[in-house]
Every structure is written in structure tokens, then in C-alpha cells.
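Enquirer: Quick one, what's the 3D model for this:
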Amino acid sequence: MRTSELGFLAENLAARYLEKKGYAVLDLNYRKPWGEIDIIASKEGILVFVEVKANRKIIAGFEPELRANSSKIDKVVRTARTYLAEKKYSPLQEWQVDVISVGLDEPKGIAKVRHFKNIDV
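Expert: Here you go, the predicted model:
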């Protein structure tokens, strides 16, 4: 599986996971020159900007979420602020950044999904 295929699969698994948890998925792969947001969703009036990280294998100590470092989250925040302004949301709109980690065990056909909510920015 190529990296682009892994990313596409992980983002789709994450979007389905969010929908099952009661989120409305509003947008996928929102891009700007300085950053990208994998999933934009909402739940209970709060906008959620989601960074998805994935690994081909499930290996303790190498969890995908570890790659969502402060530099990456800063780019998500900057892109989220652009999205809010572009879509003309109120300055009072509540929003947060989440990270969803997807670990795949391809031979077994298993995906381990972990959701980290409201990452400190």
C-alpha cells in the first residue's frame, strides 16, 4: 500500500468513526498553501478540525499520534482560523483541534482507531 493510499484509507476510517460517534462531517482535505485539515466536523455546535495520522503496522512506542507534533498542530490551527474566516463563522464560534490515530494491521484486516480530543494549542 502506497503512502497516499494509506492516508486516504485512514481518513475514510476516521470520518466513518466520527459519524458513528455522532459527528457531522462537513469537509475533507481542506487545503491552503501553509497547511491542510484532513477532516472538518461538528458536534453539539462545536467545530472540530481533525488531523489524521496513520501507520501501516500497530507497534507499541511508534503510535501514529506521536507524529502530530506542535509544528503540525500549529499549521492546523492557522488553517482552521482561515477556514473560520473564509466561511464567515462568528468570532464566538467554539472550535477545537482533535487528532485521530489509525494503526493498521493489514494481514489481519484490523484497524485500531484512537481519538484525542481538544489538543492543547
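Enquirer: For the chain, give me the ranges with low pLDDT.
Expert: Applying pLDDT under 70 to the chain picks out residues 1-3, 58-61, 107, 121.
Enquirer: which residues in it form helices?
Expert: 3-20, 70-86 (DSSP state H).
Enquirer: I'd like to check what contacts the longest one. Which residues are they?
Expert: Helix 3-20 is contacted by residues 1, 25, 28-29, 38-39, 41, 48, 50, 52-54, 56, 100, 102, 104, 111, 113, 115 when judged by Cβ atoms under 8 Å, 6 or more residues apart in numbering. (Glycine included, C-beta is placed from N, CA and C.)
Enquirer: Give me the buried subset of these.
Expert: Among these, those classed as buried by 16 or more other Cβ atoms under 10 Å are 25, 28, 38-39, 41, 48, 50, 52-54, 100, 102, 104, 111, 113.
Enquirer: What is the distance between stretch 87-105 and the centre of its chain?
Expert: Distance of stretch 87-105 from its chain centroid, counting by Cα atoms, centre = their mean, to the nearest Å, is 7 Å.
Enquirer: Tell me which two in the buried ones among the contacts of helix 3-20 are the farthest apart.
Expert: The largest distance within the buried ones among the contacts of helix 3-20, taken as Cβ to Cβ, falls between V48 and L104 and amounts to 22.9 Å.
Enquirer: Now mean neighbour count and distance to F62 too, for the helices of the chain, in a markdown table please.
Expert: Supplementary listing: the helices of the chain in a markdown table, determined by neighbours: other Cβ atoms under 10 Å; distance: least, Cβ to Cβ, whole Å:
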| stretch | mean neighbour count | distance to F62 |
| --- | --- | --- |
| helix 3-20 | 16 | 14 |
| helix 70-86 | 15 | 17 |
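Enquirer: quick one on the thing from earlier: show only the entries of the contacts of helix 3-20 found in strands.
Expert: Assigned to strands by DSSP state E, the following of the contacts of helix 3-20 qualify: 25, 28-29, 38-39, 41, 48, 50, 52-54, 100, 102, 104, 111, 113, 115.
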